[in-house]
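Engineer: sequence first, predicted model second:
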Amino acid sequence: MSENISYPPDLEKVPEIFTRHIGTWKGEYIKTDTRGHFARSFLGSFSISIEGSHYRQVNNYEYSDGSRLQLNFQGEFENQILKLFSSSYSDFSAIAWDAGQEVICFRANKTQDNALITFVETMTLLSENHRIRSTQAFKDGVFDGISFIEEIRLP
């Protein structure tokens, strides 16, 4: 007998700030070049769930040409730190942690076009249904621009 049972987050392993991001968020992702000039933008929705100490996130992107992309991420909380991997990128690895003051910090690495891409992101929860994310990008250790997104949680 199989039942679809959902378990709440394990608050002994999962920092409380992460539980406040559960749900689906939507916003326009804006990328800039290294001088802060607009490079491109696209729409994104981000669905987050946590069961026990297991984290799951699905990112859906929609581009101006009508194309779409879905990325899947999974992870586990260990010692209050989220360790992530992705079935969408074989070499993706990331960690995220509670930085205090309603902020989560996130650091990720992946290889793209034979270059090591590193992202360092802050995610600030402004209110229950409003957050801001800003991301510094590095390509083989060289600054490659900033991205930011203002998101609202969907009902």
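Structural biologist: Received it, and whenever you're ready, just let me know what you need. No experiment lies behind these values; they were computed from the predicted model shown.
Engineer: could you check the pLDDT of residue 6?
Structural biologist: Residue 6 is assigned a predicted lDDT (pLDDT) of 57.
Engineer: quick check: closest non-adjacent residue to residue 136.
Structural biologist: Among residues not flanking residue 136 along the chain, residue 120 sits closest, at 4.7 Å (CB to CB, 6 or more residues apart in numbering). All C-beta atoms are positioned from the backbone trio N, CA, C, and that covers glycine.
Engineer: any idea which element the one you found lies in?
Structural biologist: Assigned by DSSP states H and E, residue 120 falls within strand 115-127.
Engineer: now find how far off-centre whichever helix or strand comes after that strand is within its chain.
Structural biologist: The helix or strand immediately downstream of strand 115-127 is strand 130-139, counting by DSSP H and E. Distance, stretch centre to chain centre, for strand 130-139: 9 Å (CA atoms, centre = their mean, to the nearest Å).
Engineer: now what about strand 130-139, what contacts it?
Structural biologist: 21, 25, 115-126, 143-153 (CB atoms under 8 Å, 6 or more residues apart in numbering).
Engineer: and if we set it to 6 Å?
Structural biologist: For strand 130-139, the external contacting residues (CB atoms under 6 Å, 6 or more residues apart in numbering) are 115, 117-125, 144-152.
Engineer: buried members of those residues into PyMOL, please.
Structural biologist: Selection of buried members from the contacts of strand 130-139 for PyMOL, criterion 16 or more other CB atoms under 10 Å:
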select buried, resi 117+118+119+121+123+125+144+145+146+147+148+149+151
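Engineer: I'd like the distance from the strand holding residue 120 to the chain centre, please.
Structural biologist: The answer for strand 115-127 is 7 Å, by CA atoms, centre = their mean.
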